[in-house]
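In: mind looking at a prediction? Sequence and model below.
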Amino acid sequence: MSKILLTELPKGAFLKAYEAQPDTHTDCYKTNLQKHVSLEGFINAFFTSWLFRIERLILRLAMKKQSSDYDIAEFAKGTTDTMAAWETEQRDENQILLQVPNTPIRTWLMRRTDGDQTHLYFGSAILPVRTDKDGKPALGRIFVLLMGFHRLYARALLYFAERTLR
């Protein structure tokens, strides 16, 4: 069984820009594969896993944001900068940072190769959306309430992407 580890953001991670912002939640999960994986392959495996298909269904029903496997394949290739609710904020050959416009949500995928091994990373940033009673920036209450679920869900998403790529 693969290990999904909570880890620090690697050097050069696009998500580090958000990690540096006060009162912003960032996380980073990592797993390893004993083979070469492209960013395109990682994006495809991540967004077409059976678990993420449930999220795609929810997005289609709740937000009218739809994406097919074909849309995800085009997005993974980099021929389009949007997919379902996400837009590309930054991308290179090893990582992609996505935003859900007009929300505090950022999603990040990165891959690093080391010989025949590929390190796969998945992380999120949730930006403050309100001020607390002391006037300091704070996460939205719904994000605070769902943080435990988010941690489990993030690990599961990376696990199923890695399993697809094995």
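Out: That came through fine.
In: what about the chain, any weak spots by pLDDT?
Out: For the chain, applying pLDDT under 70 flags the ranges 1.
In: could you rerun that using 80?
Out: Filtered on pLDDT under 80, the chain yields the residue ranges 1-2, 63-65, 137-138.
In: could I get the full set of helices for it?
Out: Secondary structure of the chain (DSSP state H): helices at 16-19, 39-47, 50-63, 69-77, 141-145, 147-165.
In: of the ones you listed, which is nearest residue 102?
Out: Smallest distance to residue 102 across the helices of the chain (CB to CB): 11.2 Å, for helix 50-63. The way it works is simple: take the backbone N, C-alpha and C, and place the C-beta from them, glycine included.
In: what packs against the closest one?
Out: Judged by 3 or more CB pairs under 8 Å, 6 or more residues apart in numbering; DSSP states H and E, helix 50-63 is in contact with helix 147-165.
In: buried stuff in the helix it packs on?
Out: For helix 147-165, a neighbour-count test (16 or more other CB atoms under 10 Å) marks 154-155, 157-162, 165 as buried.
In: what sits opposite the residue most central in space within the chain in the beta ladder?
Out: For the chain, residue 107 is the residue whose C-alpha lies nearest the centre (CA atoms, centre = their mean; 3.4 Å). Judged by DSSP bridges, the bridge partners of residue 107 are residue 98, residue 124.
In: wait, it sits on residue 124?
Out: Yes. Using CB atoms under 8 Å, residue 107 is in contact with residue 124, at 5.8 Å.
In: if we can go back for a sec, and the residue nearest to the centre of the chain, what does it touch?
Out: By CB atoms under 8 Å, 6 or more residues apart in numbering, residue 107 lies in contact with 86, 97-100, 123-124.
In: mind listing what residue 66 touches?
Out: Counting by CB under 8 Å, 6+ apart, residue 66 makes contact with 56, 59-60, 84.
In: please redo it, this time with the cut-off set to 6 Å
Out: Contact analysis of residue 66 by CB atoms under 6 Å, 6 or more residues apart in numbering lists residue 60.
In: before we move on, what about residue 68?
Out: Per CB under 6 Å, 6+ apart, neighbours of residue 68: none.
In: sounds good, over and out.
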